[in-house]
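Undergrad: Fold the following.
(2 chains)
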Amino acid sequence: MKMPLTDNQLMQMFADHDDDVAFERLYHKYKDALIRFSYGYTFNQARAEEIAHDTFLKVYRYKKKYDPEKTFRTWLWTICKNTNLDALDKNPVRREESLDQIHLDIVDVDEDALTKLISVATKEEIAEVINTLPLSQREALNLWMNDDLSFDEIGTILEKSPQACKNLVHRAKVILKTKLGGPRGQ
Amino acid sequence: MDSELKKALINKTQNQKSPDFDAAFFEKLEKVKNRPKVFSGWLTWAISGCATLCVLFIAVTSYNTPVKRTFNHSEYINSAIEIQNSLNEDVSVDDLDLTSKEYDEI
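TA: Model (predicted):
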């Protein structure tokens, strides 16, 4: 039985042989995740889609710069992150930063309970909480939830240590649980 | 479980994508593919680089720095004498004599 091609193999086929089919497969696999990730920066669906487009166009234009030693995913997410940051520099988006996070660090997160809270909450409620997270936590949380990236890979993309990324995701979860908990949750 | 939490988050953060998202992307991609690649080859870069160097070389070597001109007094005198001598070449000795009748009319 033929094994499906990995992302790295598809990208190499595209880079070495201009295989557009391989490129399209990667595009369809990651487009939704890139839009969700970009939304975490822009808070605007149209801009998020535009940035997702720009990311794939950069992958197309700079295919020869792809280093097969590195995973395609970290390369793709790094391009997306940098494209978002460039867009933020041009069009800064201000959001309130959560000020009550310091004393939350010691709180442990019951992930089952958090999953239930998220399932019960509306999209708007969750969006409101995520959108007020500090950028660093939002970035880490978005990468963690949108792809099966390890904390090593998230650290490479965000240029932080894996432990720092783990802490950022943990804090984001704590804030989510605290803010979504309310009178309805535990 | 981690994966359940991720799924729940993805489910609640997924926004409705534009219906023409894919079409718009492939349209942009076509423009990128069809963009004229003027400087895509090394040969083009080499020729344009050489042409630029030639122009710069000609511009630099053709430029003459203005030299301060000094007045050479002896050269000026010698030139004046030469001019006077050349003017006097066609004039006879008799003509040079101011006591002759021609000049008495004054």
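
Undergrad: Can you name the residues that contact A:T42?
TA: A:48, A:51, A:84, A:87-88, A:93 (C-beta atoms under 8 Å, 6 or more residues apart in numbering or on different chains). Using the backbone N, CA and C atoms, a C-beta is placed for each residue, glycine as well.

Undergrad: contacts with chain B among those, please.
TA: Contacts with chain B within the contacts of A:T42, counted by C-beta under 8 Å from any C-beta of the partner chain: A:A48.

Undergrad: From the contacts of A:T42, pick the one nearest A:L141.
TA: A:N84 (14.4 Å; C-beta to C-beta).

Undergrad: Which members of the contacts of A:T42 are classed as buried?
TA: A:48, A:51, A:84, A:87 (16 or more other C-beta atoms under 10 Å in any protein chain shown).

Undergrad: In JSON lines: the contacts of A:T42, plus secondary structure.
TA: Listed next are those as JSON lines, based on DSSP: H, G, I helix; E, B strand; the rest coil:
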{"residue": "A:A48", "secondary structure": "helix"}
{"residue": "A:I51", "secondary structure": "helix"}
{"residue": "A:N84", "secondary structure": "helix"}
{"residue": "A:A87", "secondary structure": "helix"}
{"residue": "A:L88", "secondary structure": "helix"}
{"residue": "A:V93", "secondary structure": "coil"}
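
Undergrad: quick check, nearest of the contacts of A:T42 to chain B?
TA: A:A48 (7.8 Å; C-beta to the nearest C-beta).

Undergrad: okay, the closest one: pLDDT?
TA: pLDDT for A:A48: 93.

Undergrad: just A:G40 next, same as before
TA: According to the prediction, A:G40 has pLDDT 86.

Undergrad: The helix or strand containing A:N8 - what's its average pLDDT?
TA: A:N8 is part of helix A:7-17, with elements assigned from DSSP states H and E. Mean per-residue pLDDT for helix A:7-17: 92.

Undergrad: got the CA positions of it in PDB?
TA: Output of helix A:7-17 as PDB, limited to C-alpha atoms (Å, rounded to 0.1, in the frame of the first residue of the first chain):
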ATOM      1  CA  ASP A   7       4.400  17.700   3.600                       C
ATOM      2  CA  ASN A   8       8.100  17.800   3.200                       C
ATOM      3  CA  GLN A   9       8.000  15.500   0.200                       C
ATOM      4  CA  LEU A  10       5.200  17.500  -1.400                       C
ATOM      5  CA  MET A  11       7.100  20.700  -0.900                       C
ATOM      6  CA  GLN A  12      10.300  19.200  -2.400                       C
ATOM      7  CA  MET A  13       8.400  18.000  -5.400                       C
ATOM      8  CA  PHE A  14       7.000  21.400  -5.900                       C
ATOM      9  CA  ALA A  15      10.400  23.100  -5.300                       C
ATOM     10  CA  ASP A  16      12.500  20.800  -7.500                       C
ATOM     11  CA  HIS A  17      10.000  19.900 -10.300                       C
END
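
Undergrad: ok, so of the buried ones among the contacts of A:T42, who is nearest B:N11?
TA: A:A48 (17.4 Å).

Undergrad: Output the set of residues of chain A in proximity to chain B.
TA: Counting by C-beta under 8 Å from any C-beta, chain A sits next to chain B at A:27, A:31-32, A:35-36, A:39, A:45-46, A:48-49, A:53, A:56-57, A:60-61, A:111-112, A:114-115, A:118-119, A:121-123, A:126-127, A:130, A:141, A:144-146, A:173.

Undergrad: swap the cut-off to 7 Å and go again
TA: Residues of chain A lying close to chain B (C-beta under 7 Å from any C-beta of the partner chain) are A:35-36, A:39, A:45, A:49, A:53, A:56-57, A:60-61, A:111, A:114-115, A:118-119, A:121, A:123, A:126-127, A:130, A:145-146.
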